[in-house]
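Participant: Mind looking at a prediction? Sequence and model below.
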Amino acid sequence: MSSSSAAITLSNGVKMPVIGLGTWQSSPAEVIAAVKASVKAGYRLIDTAAVYQNEEAIGTAIKELVEEGVVKREELFVTTKAWTHELAPGKLEGGLRASLKKLQLEYVDLYLAHMPTAFNDDMSQHVASPVEDVWRQFDAVYKTGLAKSVGVSNWNNEQIGRALALGLTPIHNSQVELHLYFPQHEHVDFCKAHNISVTSYATLGSPGRVNFTLPTGQKLDWAPAPSDLEDKNVVALAEKNKKTPAQVLLRYALDRGLAIIPKSVNISRIEENFNVFDFTISQEGIAKLEESKISQRLFLQDFMAGHPEDAFANERK
């Protein structure tokens, strides 16, 4: 499969590229250069979110790329996500319209519920809106045509099942933390059984997460975790294929049938992350990589704790 055309077909027939540029933690100035470099390198998927505070810069980059004739709008696949306050009753369409205005787009290709938990505007209070009500809002915005497909992020299997049981627009995509040391087999199997495509975030084990600061300037405490990039089987397979450990970890997810959105603002890294179409990892190779049997979630989304729709309640100590 050629790099630029490699895609997953969603259950509604929309084609979603298998590899995209992730933009979490990318500042507006960095992200303009990153988006332009990525599209010139062959990427056709750009993944952002209202909470990343870089939609305006991404919109500027897309506009410039289209004006320069590098790419047509319909050749790009743009994903954005509704943050917790936009999931509150009656808020979603306004949130999507605000994102579209910043992105300078008429529609997004995929709109995700960034979390299953609704909050008030400053996140000081839970809004006890069940996921069924959240999904009813996504069904409504999908029917307006403002989003070509809709999905969820950081939802658990039970929550997805409850949304599907409504019999409305199906969930087209589930974006979750997924990497060699958190392989999410149960979630992927569940999604496959319901014809939901899966996007992996933190595919490299998110080494950059430790640099993250909240808008308040506070740094988060991260539990100690082994590095996927230093796994001995990953390093061995990289040497065998004359690839980097990062390329092996990205290919691992692709060969499991998933979409990936590696984040970078480094031009050579952006190109390296896309250069993964000239080798594959067999089922035996995947089994060998998974010998470590490590399964550790890095992103526990602690702010969800205590919310009636906390997706990871059963994982909290």
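Facilitator: Sure, I can see it.

Participant: Which parts of the stretch 51-200 of the chain are helices?
Facilitator: 55-67, 92-103, 131-144, 157-164, 185-193 (DSSP state H, counting those that start in this stretch).

Participant: got those as TSV, with mean pLDDT, distance to D302 and mean neighbour count columns?
Facilitator: All C-beta atoms are positioned from the backbone trio N, CA, C, and that covers glycine. Below are the helices of the stretch 51-200 of the chain laid out as TSV (pLDDT from 0 to 100; distance: least, C-beta to C-beta, whole Å; neighbours: other C-beta atoms under 10 Å):
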stretch	mean pLDDT	distance to D302	mean neighbour count
helix 55-67	98	25	19
helix 92-103	98	23	18
helix 131-144	98	19	19
helix 157-164	98	18	18
helix 185-193	98	20	14
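
Participant: Could you tell me whether I8 really is in a strand?
Facilitator: Yes: secondary structure of I8 (DSSP: H, G, I helix; E, B strand; the rest coil): part of a strand.

Participant: wait, doesn't it sit right on V18?
Facilitator: Yes: with contact defined as C-beta atoms under 8 Å, I8 reaches V18; the gap is 5.8 Å.

Participant: Looking at the two, which is more packed in?
Facilitator: Higher neighbour count among I8 and V18: V18, with 24 against 16, using other C-beta atoms under 10 Å.

Participant: returning to what we had before: need the overlap of contacts for I8 and V18.
Facilitator: A259 (C-beta atoms under 8 Å, 6 or more residues apart in numbering).

Participant: show me where pLDDT drops low in the stretch 101-250 of the chain?
Facilitator: Along the stretch 101-250 of the chain, segments meeting pLDDT under 70 span 214-216.

Participant: circling back: indicate which one of the helices of the stretch 51-200 of the chain is closest to D47.
Facilitator: helix 55-67 (9.6 Å; C-beta to C-beta).

Participant: quick one, what contacts the residue nearest to F190 when sequence neighbours are not counted?
Facilitator: Distance criterion C-beta to C-beta, 6 or more residues apart in numbering; nearest residue to F190, sequence neighbours excluded, is N157 at 4.6 Å. The contact partners of N157, by C-beta under 8 Å, 6+ apart, come to E186, H187, F190.

Participant: you'd agree the last one is up against L164?
Facilitator: No: look at F190 against L164 with C-beta under 8 Å: they stay out of range, at 10.5 Å.

Participant: now F277, what's its secondary structure?
Facilitator: Counting by three-state DSSP, the backbone at F277 sits in coil.

Participant: Mind pulling up the pLDDT for it?
Facilitator: Looking at F277, its pLDDT stands at 96.

Participant: That one: neighbouring residues, count only.
Facilitator: 16.

Participant: Distance of G257 relative to T9?
Facilitator: 12 Å (C-beta to C-beta, to the nearest Å).

Participant: okay, now the closest residue to H85 other than its chain neighbours: neighbour count?
Facilitator: In space, and not counting its chain neighbours, H85 is closest to D121: 4.7 Å by C-beta to C-beta, 6+ apart. If you count neighbours by other C-beta under 10 Å, D121 ends up with 13.

Participant: Repeat that for the one 4 residues further on.
Facilitator: The burial metric for Q125, expressed as a neighbour count using other C-beta under 10 Å, is 11.

Participant: what about it, distance to L258?
Facilitator: Distance from Q125 to L258, by C-beta to C-beta: 35 Å.

Participant: Then A82?
Facilitator: 22 Å.

Participant: Just want to know which of these two has more residues nearby.
Facilitator: Taking other C-beta under 10 Å, A82 and L258 do not tie; A82 has more neighbours (30 against 20).

Participant: for G306, what are its contacts?
Facilitator: Residues in contact with G306 (C-beta under 8 Å, 6+ apart) are H126.

Participant: Setting aside sequence neighbours, what's the nearest residue to N211?
Facilitator: Looking at N211 with C-beta to C-beta, 6+ apart, the closest residue is Q25, at 7.2 Å.

Participant: Could you measure from the one you found over to I62?
Facilitator: For Q25, the distance to I62 equals 20 Å [C-beta to C-beta].

Participant: V265 too?
Facilitator: The value you get for V265 to I62, if C-beta to C-beta is used, is 16 Å.

Participant: so how many other residues sit close to M123?
Facilitator: M123, neighbours per other C-beta under 10 Å, totals 12.

Participant: pretty sure it contacts Q301?
Facilitator: No: if you go by C-beta under 8 Å, M123 and Q301 don't touch, sitting 12.0 Å apart.

Participant: what sits in contact with each of these two?
Facilitator: The contact lists of M123 and Q301 share no entry, where a contact means C-beta under 8 Å, 6+ apart.
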